[in-house]
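Chemist: Structure for this input, please:
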Amino acid sequence: MKNIFIYILTSLFLLSGCTDLDIEPTSEITDKNYWKTEEHFDAFMYGMHSRFRTHSWNFFLMGDARSDIFGDQAFGGEASQGMERFPFNTLNIDNPGISNYGGFYTNINQVNLFIKKANSTNVLTDNAKAYYLGQAYAMRAYYFFQLYRTWGAAVYTEEPSESFEIGKLDKAATPANEIMEYIKKDIDASINSFGNDYSIKKVKSLWSKPAVLMLKAEVYLWSSRQLNGGTADAAKVKETLLDIQKNAPELALQPKYTDVFDYSKKGNSEIIFAIHNQLNEANLLGGSYASNLLPGDLYLRNYYDETGTKINTAVENNFGQIRLQIRTTNYTRFNDKDSRKRAIIKGVYDFVDGKLTLVGTYPKKYPGTMNGSVRVAADDYPIYRYADLLLMLAEAKAILGENPANEINDIRKRAYGDNYDSSVAYPNQAIDKNVNDAILEERFFEFILEGKRWYDLRRFGNEYVFKHTLADPLKPLRLLWPIDKSTITKNPALTQTPGYE
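Modeler: Sure thing, here's the model as predicted:
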């Protein structure tokens with residue numbers, strides 16, 4: 001039943017007429033013949049998570065592509081085909097990077113419909129209704145937090161699109177400060193709905209109470225730094241993360257960094273919430289990981305590894321094409337004793353004037369799985385994991401004037417393994433002289449390619465964005481994103497993001 005209805009739901013998305021914000025009209029089939037049993041609600045919830053998965057590439061672009069992770073020319077010579085505009089920070093109304101608000105409103109509308117139906121039904125037990133609503137409110141809050149950090153103001157609605165004529169939506173964007181209040185309201189509604197249920201189901205691929213508490217911590221860190229929430233909001237972050245540690249004690253760091261992303265260890269103790277992919281079902285970032293970040297077989301075999309040995313493409317067999325090239329300096333940025341260096345990035349070498357020289361890199365973080373003789377990137381994409389809990393707790397403690405050493409060093413102990421000693425412990429590295437720099441750098445090493453770096457820099461402040469990225473300090477308003485021309489044309493009540501007029 002779940003698979004059948006997910007198929008029906010997807011078909012409705014594809015066949016229904018699109019409105020200006022891609023808000024789909026609710027279906028007569030859905031309204032009249034559905035919502036009769038708990039299985040109907042369960043299938044619809046799976047359908048919303050399935051649609052959530054289709055947005056993973058845009059989540060990644062919004063969170064990483066404009067940061068200092070990328071920016072070099074592809075070492076294999078591929079054309080970037082416009083992708084260079086992300087790290088070069090040259091987006092404009094003709095080249096917005098992402099159109100139609102990422103397509104998020106299709107699923108926001110389905111979430112709104114689900115909430116409306118769940119709140120009015122009598123076919124669900126109280127416990128089932130509460131758990132479903134906890135997931136739905138969390139998902140809506142997450143979508144709007146993405147919209148808030150990317151465009152600032154955004155169209156806000158809690159009503160499913162049953163009553164307006166298709167193609168005649170004319171609704172102004174809600175100011176950013178109000179969007180933030182709606183986000184916090186949905187987070188509270190989710191937490192209250194989950195109640196005392198801290199369970200995490202289906203290989204950590206569904207929203208849960210620990211996941212929404214992580215979202216709350218991230219939101220309140222933002223408001224602490226960016227909305228004058230200060231120590232009051234930081235105290236809420238600390239309280240929220242300690243709540244997870246107390247009530248979900250099974251969560252913990254994996255022994256090795258590579259264990260977190262091992263295909264055979266999906267849903268491991270470190271994962272709190274992930275977008276689930278599976279061989280023959282769905283690939284990482286909707287398939288865009290391989291087609292934008294991985295090298296091609298035909299030229300990779302001509303290069304060398306760090307020992308001067310020709311790269312064996314029978315072993316290094318995760319192929320694609322590179323449109324977003326990781327900066328070579330990010331490979332050398334790691335301490336050579338940090339196990340994350342070679343777990344995340346593969347150094348590519350060639351002989352230049354007879355000397356073995358680092359000429360490029362590509363990602364190793366997501367190893368994929370073998371399908372016959374072909375390696376497939378069907379890895380899960382983490383949204384929240386325990387390492388993030390530790391480093392957000394460290395950040396909250398720093399804002400509160402407390403010592404974040406325990407949390408930072410828990411991360412470094414795993415990263416350095418047998419090479420860990422006092423010289424690499426916090427606060428003994430050179431970067432540790434400034435706690436903000438230390439936390440940002442640790443987050444950089446830990447979360448590369450998890451859609452967090454651009455948001456981290458922006459949360460800490462514009463000065464960090466301009467220090468680390470290619471964003472133009474003379475155009476500070478352009479740290480938000482432009483609205484594409486089509487969306488502006490179809491929705492005359494919208495106004496262009498300031499700085500792009």
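
Chemist: Which residue lies nearest the spatial centre of the chain?
Modeler: Nearest to the geometric centre of the chain sits residue 451, at 4.1 Å (CA atoms, centre = their mean).

Chemist: Which secondary structure state does the closest residue to that residue other than its chain neighbours sit in?
Modeler: Of all residues not flanking residue 451 in the chain, residue 63 sits nearest, at 3.1 Å (CB to CB, 6 or more residues apart in numbering). In this view, the C-beta of every residue, glycine as well, is placed from N, C-alpha and C. Secondary structure, DSSP: H, G, I helix; E, B strand; the rest coil: residue 63 is helix.

Chemist: which residues in this protein form strands?
Modeler: 70-72, 271-275, 325-326, 345-352, 355-363, 369-371, 374-376, 381-385 (DSSP state E).

Chemist: Residue 250 reaches residue 269, doesn't it?
Modeler: Yes. If you go by CB atoms under 8 Å, residue 250 and residue 269 touch, sitting 6.2 Å apart.

Chemist: Looking at the two, which has the bigger crowd around it?
Modeler: residue 269 (17 against 8; other CB atoms under 10 Å).

Chemist: confidence score at that one?
Modeler: Listed pLDDT for residue 269 reads 99.

Chemist: so it makes contact with residue 252?
Modeler: Yes. Counting by CB under 8 Å, residue 269 does reach residue 252; the two are 4.8 Å apart.

Chemist: where does this protein have low pLDDT?
Modeler: 1-31, 162-169 (pLDDT under 70).

Chemist: residues in contact with the residue nearest to residue 451?
Modeler: Shown in contact with residue 63 (CB atoms under 8 Å, 6 or more residues apart in numbering): 450-455.

Chemist: Swap in 6 Å and give it another go.
Modeler: Residue 63 makes contact with 451-452, 454-455 under the criterion CB atoms under 6 Å, 6 or more residues apart in numbering.

Chemist: How about residue 498?
Modeler: Taking CB under 6 Å, 6+ apart as the test, what residue 498 contacts is residue 477.

Chemist: Disregarding residues adjacent in the polypeptide, which is nearest to residue 436?
Modeler: Among residues not flanking residue 436 along the chain, residue 460 sits closest, at 6.0 Å (CB to CB, 6+ apart).

Chemist: next one: residue 36
Modeler: Using CB to CB, 6+ apart, the nearest residue to residue 36 is residue 123, at 6.5 Å.

Chemist: ok, that neighbour to residue 135 distance?
Modeler: When distance is defined by CB to CB, to the nearest Å, residue 123 is 17 Å away from residue 135.

Chemist: more crowded one of these two?
Modeler: Legend: neighbour count by other CB under 10 Å for residue 123 and residue 135, higher for residue 135 (25 against 15).

Chemist: Near the nearest residue to residue 75 once chain neighbours are set aside, how many other residues are there?
Modeler: Spatial nearest neighbour of residue 75, excluding adjacent residues (CB to CB, 6+ apart): residue 360 at 2.6 Å. Here the count is done by other CB under 10 Å, and residue 360 has 23 residues near it.

Chemist: With residue 382 instead?
Modeler: Residue 382 has 22 nearby residues by other CB under 10 Å.

Chemist: Please apply the same query to residue 492.
Modeler: If we define neighbours as other CB under 10 Å, then residue 492 has 10 of them.

Chemist: OK, contacts around residue 458?
Modeler: Residue 458 touches residue 465, counting by CB under 6 Å, 6+ apart.

Chemist: Then residue 152?
Modeler: Contacts of residue 152 (CB under 6 Å, 6+ apart): 176, 480.

Chemist: do you know how far it is from residue 175?
Modeler: Relative to residue 175, and taking CB to CB, residue 152 is found at 8 Å.

Chemist: same check, this time on residue 130
Modeler: 31 Å.

Chemist: quick one, longest helix in this protein?
Modeler: Looking across the chain with DSSP state H, the single longest helix is helix 126-151.

Chemist: Give me the helices and strands touching it, please.
Modeler: Packing partners of helix 126-151 (3 or more CB pairs under 6 Å, 6 or more residues apart in numbering; DSSP states H and E): helix 38-54, helix 104-120, helix 176-194.

Chemist: got the CA positions of the second one in CSV?
Modeler: If I follow you right, that is helix 104-120. Backbone C-alpha positions of helix 104-120 (Å, rounded to 0.1, in the frame of the first residue of the first chain) are rendered in CSV as follows:
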residue,chain,number,x,y,z
PHE,A,104,10.0,23.1,-1.9
TYR,A,105,6.4,24.4,-2.1
THR,A,106,5.2,21.2,-3.7
ASN,A,107,6.0,19.3,-0.5
ILE,A,108,5.1,22.2,1.8
ASN,A,109,1.6,22.0,0.3
GLN,A,110,1.4,18.3,1.0
VAL,A,111,2.6,18.8,4.6
ASN,A,112,-0.1,21.5,5.0
LEU,A,113,-2.7,19.0,3.7
PHE,A,114,-1.4,16.3,6.0
ILE,A,115,-1.5,18.5,9.1
LYS,A,116,-5.1,19.6,8.2
LYS,A,117,-6.3,16.0,7.7
ALA,A,118,-4.5,14.6,10.8
ASN,A,119,-5.9,17.3,13.0
SER,A,120,-9.4,16.6,11.9
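
Chemist: For stretch 252-264, which residues meet the burial criterion?
Modeler: By neighbour count on 16 or more other CB atoms under 10 Å, the buried set for stretch 252-264 is 253-254, 257-261, 263.

Chemist: Turn these into a markdown table, columns for distance to residue 203.
Modeler: As requested, the buried residues of stretch 252-264 are exported to a markdown table (distance: CB to CB, whole Å):
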| residue | distance to residue 203 |
| --- | --- |
| 253 | 18 |
| 254 | 15 |
| 257 | 19 |
| 258 | 18 |
| 259 | 15 |
| 260 | 13 |
| 261 | 14 |
| 263 | 12 |
